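>>> what shape does this take:
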Amino acid sequence: MLVDYHVHVQGHNDREYSYEELSKFVKRAEERGLTEIGLADHDRYWEKIDLEVVRQVARHFPGVIIRVGLEVGYVPGKEEIIRRKFAKFPLDYVIGSIHEINGWYFDHPAYIAEYTYWDPDELYECYFSLVEKAVKSGLFDIVGHLDLIKIFNVRPRKPVLDFMPSLLKEIKNNGLVVEVNVNGLNKPVKEIYPEKCILEKCFQKGIPVTLSSDAHKSEDIGKGVKMGVELLREVGYKKIAGFERRKIYFKKLG
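Next up, the predicted model:
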């Protein structure tokens, strides 16, 4: 199974959720050999998701399984708001991601200067503590781009695994899946999220994985996902996770 579980049909709210737009994504997915895709728009645009459009496109492209999810930006203290937001929405899965630290959108190029105010080790400590809170919240099925904090190639002095002494255990205990997100290859860091040493620990602990491109445009869906497959095979993975109505299942990797 070759999947892409992190696809933003609406991008950054720069297009409509239409049959024509979604068809572009699914057609490109088909061309790239994907058997299953997950539509995971940012949660702030969730009200524009049109499930009837999804059903229409699914009928037109029977060779590609389409799942509907959300990528939710986790902020401590807003758990109930997040829970209510998608409690009645028929989602297949929810990705939990950290995109901000105390209101600082650290992954946005416009705010890169703020990195200079941080000690790298303290920054990594803070970031991974937020990831762990997200994992323990019980809100999510997938951990999005686990080590996104490296996006601009700011690295800590200590080994990255030193910043997650209990994080991977919590991911395992809470039944979450780690996303292997190849979009890091398109960023200044030029590296898949998460890096190989983290994936190796995930494999050792029996943590399941899924694949994503984090595409915000139709031409990018599935782009680089086969590189993610190669990395997972190097680590030892043979199965990939999928979701239907918040229930996990597994198929043979790529």
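>>> assign His6 to helix, strand or coil.
strand (DSSP: H, G, I helix; E, B strand; the rest coil).
>>> how much space between it and Lys223?
12 Å (Cβ to Cβ, to the nearest Å). The way it works is simple: take the backbone N, C-alpha and C, and place the C-beta from them, glycine included.
>>> now Val160
25 Å.
>>> again, but for Lys217
Taking Cβ to Cβ, one finds Lys217 at 10 Å from Lys223.
>>> could you check how far the residue nearest to Glu234 when sequence neighbours are not counted is from Phe243?
Beyond its immediate neighbours in the sequence, the residue positioned closest to Glu234 (Cβ to Cβ, 6 or more residues apart in numbering) is Lys196, lying 7.5 Å away. Separation of Lys196 from Phe243 (Cβ to Cβ) stands at 25 Å.
>>> looking at the two, which one has more neighbours?
Phe243 (22 against 12; other Cβ atoms under 10 Å).
>>> you'd agree the more buried one is up against Tyr249?
Yes. Between Phe243 and Tyr249 there is a contact under Cβ atoms under 8 Å: 7.4 Å.
>>> now the strands for the stretch 51-200 of the chain?
65-73, 93-97, 142-143, 177-181 (DSSP state E, counting those that start in this stretch).
>>> circling back to that earlier point, more neighbours: Lys217 and Lys223, which one.
More neighbours surround Lys223 than the other of Lys217 and Lys223, with 19 against 16 (other Cβ under 10 Å).
>>> quick one: contacts for the nearest residue in space to that one that is not next to it in sequence?
Spatially, and ignoring its direct neighbours in sequence, Lys223 is nearest to Ser213 (5.2 Å; Cβ to Cβ, 6+ apart). The contact partners of Ser213, taken as Cβ atoms under 8 Å, 6 or more residues apart in numbering, are Asp4, His6, Val7, Asn181, Val182, Asn183, Asp220, Ile221, Gly222, Lys223, Gly224, Val225.
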